[in-house]
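Engineer: Just the structure for this:
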Amino acid sequence: MNDQDEVGLFEAISMFESADEAERFLMDLCTPQEIKTFKERYAVCKLLYSQKFSYREISKMTGASTTTISRVARFLNNSPYNGYMECLKKSTERRKGC
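Structural biologist: Predicted coordinates:
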């Protein structure tokens, strides 16, 4: 694999026009455990972003370990990529009708 394979994957993901298309692609691409891990991390991300819950509460709500929660928090708050933050902002705008 090379950088072109990585770019190709990201370009493929960016072409989805619906959640259904993304779901079908990811169900083909990923194992059930990988999907479960993605869902868990995204749930943790949303709960951290809300700033309403402690790590222990989030762990009880999601089943995620406090280590996973800490890792998600680090990327949410300090990542140079800002992937979580950008996704959360877009999701919030979409719910507001923007």
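
Engineer: got the contact list for L29?
Structural biologist: Shown in contact with L29 (CB atoms under 8 Å, 6 or more residues apart in numbering): no residues. Where you see a C-beta, it was placed from the backbone N, CA and C, and this is true even at glycine.

Engineer: if I look at it, how far off is N2?
Structural biologist: According to CB to CB, to the nearest Å, L29 and N2 sit 18 Å apart.

Engineer: One more: K60?
Structural biologist: According to CB to CB, K60 and N2 sit 42 Å apart.

Engineer: and those two? which has more neighbours close in?
Structural biologist: Legend: neighbour count by other CB atoms under 10 Å for K60 and N2, higher for K60 (11 against 7).

Engineer: Report pLDDT for that one.
Structural biologist: Note for K60: predicted pLDDT of 98.

Engineer: in what helix or strand does it lie?
Structural biologist: K60 belongs to helix 55-62 when elements are defined using DSSP states H and E.

Engineer: ok now that helix, how far from the chain's centre?
Structural biologist: Computed by CA atoms, centre = their mean, to the nearest Å, the chain-centroid distance of helix 55-62 equals 17 Å.

Engineer: residue ranges with poor pLDDT in this structure?
Structural biologist: 97-98 (pLDDT under 70).

Engineer: So for it, the centremost residue is which one?
Structural biologist: With distances taken as CA atoms, centre = their mean, the residue of the chain nearest its centroid is Y42 (4.0 Å).

Engineer: Roughly how far does that residue sit from S14?
Structural biologist: For Y42, the distance to S14 - CB to CB - is 18 Å.

Engineer: Which neighbouring elements make contact with the helix holding K60?
Structural biologist: Contacts defined by 3 or more CB pairs under 8 Å, 6 or more residues apart in numbering; DSSP states H and E place helix 55-62 against helix 32-50, helix 66-78.

Engineer: what does the shortest one rub up against?
Structural biologist: So the one you mean is helix 66-78. With CB under 8 Å, 6+ apart, helix 66-78 has contacts from 40-41, 44-45, 48-49, 55-56, 58-59, 64, 81, 83-85.

Engineer: Ok, stretch 31-42 next?
Structural biologist: Contacts for stretch 31-42 (CB under 8 Å, 6+ apart): L26, M27, C30, T62, G63, A64, T68, V72.
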